[in-house]
Every structure is written in C-alpha cells, then in structure tokens.
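>>> Need the 3D shape of this:
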Amino acid sequence: MTTILITNANVIDTRAGTTLADRQVLVRDGRIVEVSETPVRNGADHTVDAGGRYLLPGLCDGHVHVTAITPDFPLLRRLSPFYVAAASAEILSAMLMRGFTTVRDAGGADHGLARAVEEDRIHGPRLLFCGHALSQTGGHGDMRAPGEQELDQCFCCAGLGLVCDGVPEVRRAARHEIRKGATHIKIMASGGVSSPTDRIDSDQFAFDEIDAVVAEAQAANIHVMAHAYTARSINRLIPRGVRTIEHGNLLDDESCRLFREHDAFLTPTLSTYDALAREGVEAGMAPELQRKVYHVLDAGAQALERAQRHGVRMVFGTDLLGRMHVHQLNEFHLRKDVIPAADLLRSATCTAADAFLQSGEIGVIEPGARADLLVAEANPLDDIASLTRPQTNLRLIMKGGRVYRNTLT
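Alright, predicted model coming up:
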C-alpha cells in the first residue's frame, strides 16, 4: 500500500476536544505513523494538501442493521441471502459516503459480508458483526406471529435473530457466532417495537442464560451488547457484565449509577424512533408494530438528558431500517441540543472505540491508529451539524489508508 502525507491540516483531537493547528499526518500501510507540527522528512508516494481544513477520524455508528433492507422482518427471513447482500452493499456504500468508516452491526451481518468489505469487494465502513442476535422464544428476535408454530431458522439465513432457550442452547448459539468470527455478541434482553408477540416492558432471558452469554464472550475477549428499554431490564444486565445497552429509553437514576460503576456504555438510537414515527408504515412496517414506537418515542429524549446529566458514556447509534437508513446523520441533530459538540463527536469516534474494545485502533488521529480520516470544510467542534452535510462538507474520505473520495484541489 502506498504512503500518503497529509499536509496543512487542522487536526481534531477527539479525546481532548481541541484542534491542533497546521499539522502533517503520515499514513503508511493503512495506519497513521506520524502526526507532526513540523515538516515530515519521511518520503511519501502521494501528498494531499488539506488547505487549512479540518482533519478528523472517520465516524463510528454503534448500532446498525446493514442487512435490514426492509423493516418487515418476517419478509426479510424469506428473502434470498444473495439478494439481501446485494441490497446491503448499497446501504454500506452510502454509509461510507456519509463519513462512517466503522459500524457495529446489531444483528444480521456476518463474516462473509465483513470479509467482502475488508477485501474492498463492497465499498463500505469496516463492519463489526455479531451474526444473529440471540433471542428467547417469544422475544424481540422471534418474528413468528401468534398463530405461527414452526420455527424455521438456520445460522446462514437472512434474518436478524436466532431463537435459543436455556443455558445449553444459549451457550451453543454464542459459541457458533464466536466460531464464525463475531466481534461481539448481541442479546435481546427486553421487548421491542418490531417483534410481534412481546411487550416493550418485558424482561427477556433468565439470569443464568445472560451469565452464559457473557461468560462465552469474555472467554473470547469480545463484548456483549444488549437490547433493553426499561430500567428494570437495564439494571439486571449491567451488573452481569453486559458492556453496552442499546436504546435505554426508559432508564432511571439507578441505571445511570450502574453505568458509571461498571464502566458500561449507553447507545441511544433516537433517529430510528423519529423515522419510524414519520414513515415506518410507508417503509414497510406493519401498522400494529409501528404503533408500539410511541411507547418509547418521547422517552428517548428524556433518557438522553438524564444520562448526560449523570455523566454516562454514550455511543452514537442509529438502528435504522430499510429506506430509513438515509436518516443516519439525523442522530446528530436529535442529540445536539442536549449533548455538547465535543461529547457528541466523541460518541461517534473515541468513545465508540472504547465501547467496542478498539481503543487506539479507531476514533483517534495518533500514531498506530488505523488511517480512517476525513477532511472537512467546517470544524465539528464549532458546528456539529456540519457533519450532516457530507456532500459539501467532506472533501476527503479515507478508510484504512484507501481514499474513497477526494475533491481537494
């Protein structure tokens, strides 16, 4: 791979929330090897003049479903995985062009799709994947209607969830996903909007089942993410070693205390509720399921404010489905009145990296990190909303040292 020198760049230090003026950044073999305020003497194959613009790390989305080409999950189960993969390629490419260079899939993507991205057969963000999300019978990953008895599932089907019950089944399911290279394990630990037979306020999986999943993940040095809405669900998960709570719309003060005590992370996903409320039915969601979104819609903003007030570390996440993926950057708008720009940028860069157990790998511009870099016209620390205008704001998009957009002159 070639060596690239980026000159005349104002580098965003995401951890400090500051701007380092007039820096040079040397990239070799897909990694950052030097960040200097003086001219870099090592030879470079190519030089890119940032022209005094702002250099920031590629963005991370901590909760995506890149194979959710429709919000009609029963239909998704019946689609050919080849068709789903082709449609997912379009979703991934659009994410990269919005500035996302790493995304964490929360159910559906697998080793094959991640490999296709890694080999550049599909242009998209680096794909962290869990395979299928684990669900109990009748849980958030069980898409059978009340009158549907047969459970037709396999480890290669295009659905997002896998039903498993009891410690042996749950442990085996986790081991299968780990065997296939999962970077994390996802469990459905409370009711949800898109599942037909559960309630938003239900707890899912028994303690021994949760413990089995966490033990398998920890043995493999990966983490567990859990879908959970209510304070009761959240508060039974965090002390058991779950690292990230997804959504968390109905958390309470005790939840916030537990997040801080156990160094856990919250991934709010306000953009999906906003999109589902406005266009969920038109996008393909069943009306009776779309109505469930109103149980958590307004609570999401309240949870965001409570978590910020208590100092909970939060990850940028969106959870969008089907045609609603286009609203990915709306998450910045929905959080910016509550979360200061520096914290909001951290949530999509270095804090996300910490949550993914990828500290120092992504989300920062420092020697040793992956060369996931964006050159922006505006400083996101001054105007975080500038990140929602990638077509005009992002002049360079680089992932792993490979350039996917360059409109610098």
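
>>> drop to CA atoms for contacts and neighbour counts, all remaining ones
Will do.

>>> if I look at residue 73, how far off is residue 31?
For residue 73, the distance to residue 31 (C-alpha to C-alpha, to the nearest Å) stands at 38 Å.

>>> which of those two has more neighbours?
Counted by other C-alpha atoms under 10 Å, residue 73 and residue 31 do not tie: residue 73 has more neighbours, with 26 against 21.

>>> so what's residue 353 up against?
By C-alpha atoms under 8 Å, 6 or more residues apart in numbering, residue 353 lies in contact with 359, 360, 361, 362, 363.

>>> now it, nearest residue through space, not along the chain?
Of all residues not flanking residue 353 in the chain, residue 359 sits nearest, at 5.0 Å (C-alpha to C-alpha, 6 or more residues apart in numbering).

>>> Assess the claim that the one you found and residue 350 are in contact.
Yes - applying C-alpha atoms under 8 Å, one finds residue 359 in contact with residue 350, separated by 7.0 Å.

>>> who's more crowded, these two?
Just comparing residue 359 and residue 350: by other C-alpha under 10 Å the higher neighbour count belongs to residue 350, 27 against 16.

>>> From the contacts of residue 353, which land in strands?
The strands, defined by DSSP state E, take in nothing from the contacts of residue 353.

>>> ok, those residues vs residue 174, which is closest?
Top of the list for closeness to residue 174, among the contacts of residue 353 and by C-alpha to C-alpha, is residue 359 at 24.0 Å.

>>> how much space between that closest one and residue 111?
22 Å.

>>> now swap in residue 392 and tell me
34 Å.

>>> residues of stretch 175-190 that come out buried?
175, 177-178, 181-190 (16 or more other C-alpha atoms under 10 Å).

>>> rewinding a little: make a PyMOL selection of the buried ones in the contacts of residue 353.
Of the contacts of residue 353, the buried ones can be selected in PyMOL as follows, counting by 16+ other C-alpha under 10 Å:
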select buried, resi 359+360+361+362+363
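
>>> Narrow the contacts of residue 353 to those in helices?
Taking DSSP state H, every one of the contacts of residue 353 sits outside helices.

>>> Generate JSON lines for the contacts of residue 353, with distance to residue 298 and pLDDT as supplementary columns.
Shown next, in JSON lines, are the contacts of residue 353 (distance: C-alpha to C-alpha, whole Å; pLDDT from 0 to 100):
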{"residue": "359", "distance to residue 298": "33", "pLDDT": "97"}
{"residue": "360", "distance to residue 298": "35", "pLDDT": "97"}
{"residue": "361", "distance to residue 298": "35", "pLDDT": "98"}
{"residue": "362", "distance to residue 298": "32", "pLDDT": "98"}
{"residue": "363", "distance to residue 298": "30", "pLDDT": "98"}
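
>>> Give the helix, strand or coil label for residue 288.
Local secondary structure at residue 288 is given as helix here, using DSSP: H, G, I helix; E, B strand; the rest coil.

>>> doesn't residue 35 make contact with residue 366?
Yes - contact criterion C-alpha under 8 Å: residue 366 and residue 35 qualify, at 6.4 Å.

>>> Burial check on residue 407, number of neighbours?
10.

>>> Which residue is the nearest non-sequential neighbour of it?
For residue 407, the closest residue by C-alpha to C-alpha, 6+ apart turns out to be residue 395, at 5.1 Å.

>>> Show the pLDDT at the one you found.
At residue 395, the model reports a pLDDT of 98.

>>> what does residue 81 give?
You'll see residue 81 listed with a pLDDT of 89.

>>> What is the three-state secondary structure of the residue nearest to residue 242 when sequence neighbours are not counted?
Distances taken as C-alpha to C-alpha, 6+ apart put residue 224 closest to residue 242, at 5.2 Å, once the chain neighbours are dropped. Put simply, residue 224 is strand when judged by three-state DSSP.

>>> and the gap between the nearest residue to residue 37 once chain neighbours are set aside and residue 204?
Leaving aside its sequence neighbours, residue 37 sits nearest to residue 23 (C-alpha to C-alpha, 6+ apart; 4.7 Å). According to C-alpha to C-alpha, residue 23 stands 50 Å off from residue 204.

>>> okay, now the nearest residue to residue 28 once chain neighbours are set aside: neighbour count?
Leaving aside its chain neighbours, residue 28 sits nearest to residue 3 (4.5 Å; criterion: C-alpha to C-alpha, 6+ apart). Residue 3 has 19 neighbouring residues, counting by other C-alpha under 10 Å.

>>> try residue 281
Quick note: residue 281 (other C-alpha under 10 Å) scores 17 neighbours.
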